[in-house]
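Undergrad: I would like the atomic coordinates for the input below:
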Amino acid sequence: METVVGYNEMWEPGEPGVPADLRPEIPHPARMYDYYLGGKDNFPSDREAAERALAANPEFRSTARANRGFLNRAVRHVAGLGIDQFLDIGTGIPTAGNTHEIAQAVDPGSRIVYVDNDPIVLAHARALMGGTAVGRTTVIQADLREPVDLLAAAEAEKLLDFDRPMALVLAAVLHFVPDESGPYEIVRTLLDTLAPGSHLILSHGTADFIPAEIRDRVTGVYSKATAPLVGRSREQVGTFLDGLDVLDPGVVTVPLWRPEGDPMPGADRVSMYGAVARKS
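TA: Next comes the predicted model:
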């Protein structure tokens, strides 16, 4: 799903034919993240909100890129272990280095189901795919906060075999699920459905290294978006992995998860934790 046409080249805000549920006047975290990565699939409201977040914490852009690097390494590692099925939830705007590109470079037969609740993701992905799955990859619309319905929708695609091990990818998505929505219960519901030998690839934003004033300014920006931002501590992120066998090096900032070269300066203070764990 490498981006070849920007969203604003498909539709402009206010143009006839712009789906109403895209809500272009309200910043969306997925479109803001796309802006951090240098993408074109965002509206003025997203860019303005992202610039306010960057003004509060200029490291947002480098953190987003560090998270993309973590995803690349983690998916490649899990695929190298023989996992050839991936359920990627909260995939966000299609861009280079997505899960299917990484996994299928290891095993061309790998099967990937992307899940997102944002209509822009489906609109863009389907435009790129011509309305059909490319190879063994597809994208569906479902909400992480409704895991039972999400799993039913994924199974209905008949692309993944839930009786065999797969990788559940939750990259930079759970920090948009507030405590009152039951994030730990959501992850447990998803994991309980997966076969033994499945893996969880997880990354999650944190405020552990951010002064309270900056944290409050950033969360204030996201409070006006379609989803709030909830940074969790290393211990809280580790709770998502309870009952799983956590692969070395454990829960670390994303640049420090099995880096392929020397980590960048300040890698141990990047505001995103990452981990990979196996279900016994």
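Undergrad: which residues of the stretch 1-150 of the chain fall in strands?
TA: Using DSSP state E, counting those that start in this stretch, the strands of the stretch 1-150 of the chain run over 85-89, 111-116, 137-141.
Undergrad: I'd like those strands laid out as TSV, including mean neighbour count and distance to E180.
TA: No exception for glycine: its C-beta is placed from N, CA and C like everyone else's. Putting the strands of the stretch 1-150 of the chain into TSV (neighbours: other Cβ atoms under 10 Å; distance: least, Cβ to Cβ, whole Å) gives the following:
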stretch	mean neighbour count	distance to E180
strand 85-89	25	19
strand 111-116	26	22
strand 137-141	20	23
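Undergrad: Nearest to M272, out of these?
TA: strand 85-89 (17.0 Å; Cβ to Cβ).
Undergrad: Indicate which one of the strands of the stretch 1-150 of the chain is closest to V230.
TA: Closest to V230 of those is strand 85-89 (Cβ to Cβ; 16.6 Å).
Undergrad: other SSEs contacting the closest one?
TA: helix 99-106, strand 111-116, strand 167-171 (3 or more Cβ pairs under 8 Å, 6 or more residues apart in numbering; DSSP states H and E).
Undergrad: CA atoms only for it, dumped as PDB, please.
TA: Extracted in PDB, the C-alpha atoms of strand 85-89 (Å, rounded to 0.1, in the frame of the first residue of the first chain):
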ATOM      1  CA  GLN A  85      -0.200 -14.200   9.200                       C
ATOM      2  CA  PHE A  86      -0.600 -10.700  10.500                       C
ATOM      3  CA  LEU A  87      -3.600  -8.900  12.000                       C
ATOM      4  CA  ASP A  88      -2.600  -5.200  12.000                       C
ATOM      5  CA  ILE A  89      -5.000  -3.000  13.900                       C
END
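Undergrad: Each with direction, which strands does it pair with?
TA: Using DSSP bridges, strand 85-89 pairs in its sheet with strand 111-116 (parallel), strand 167-171 (parallel).
Undergrad: between it and strand 137-141, how many degrees?
TA: Here the directions of strand 85-89 and strand 137-141 differ by 30 degrees (axes from the mean of the first three to the mean of the last three Cα atoms, to 10 degrees).
Undergrad: distance between strand 85-89 and the chain's centre?
TA: Here the centre of strand 85-89 is set off from its chain's centre by 10 Å, with Cα atoms, centre = their mean, to the nearest Å.
Undergrad: what does it contact?
TA: 75, 98-100, 103, 110-116, 144, 150, 154, 160-161, 164-171, 173, 190 (Cβ atoms under 8 Å, 6 or more residues apart in numbering).
Undergrad: shaky segments in this structure?
TA: 1-23, 94-96, 124-135, 222-227 (pLDDT under 70).
Undergrad: In it, spot the helix with the most residues.
TA: helix 60-80 (DSSP state H).
Undergrad: how far is that one from where the chain is centred?
TA: So, by Cα atoms, centre = their mean, the centroid of helix 60-80 is 10 Å from its chain's centroid.
Undergrad: if we can go back for a sec, just send the helices and strands packed on strand 85-89 back as TSV, with distance to P24 too.
TA: Compiled in TSV, the helices and strands packed on strand 85-89 are given as follows (distance: least, Cβ to Cβ, whole Å):
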stretch	distance to P24
helix 99-106	27
strand 111-116	17
strand 167-171	25
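Undergrad: Count the residues that sit near the nearest residue to Q104 once chain neighbours are set aside.
TA: Nearest non-adjacent residue to Q104, counting by Cβ to Cβ, 6 or more residues apart in numbering: S110, 4.9 Å away. S110: 22 surrounding residues under other Cβ atoms under 10 Å.
Undergrad: Surely S110 and A79 touch.
TA: Yes: taking contacts as Cβ atoms under 8 Å, S110 lies within contact range of A79: 6.5 Å.
Undergrad: Are there residues contacting both of those two? Which ones?
TA: A103.
Undergrad: picking up where we left off before, tell me the spacing between the residue nearest to Q104 and R234.
TA: To R234, S110 is 31 Å away according to Cβ to Cβ, to the nearest Å.
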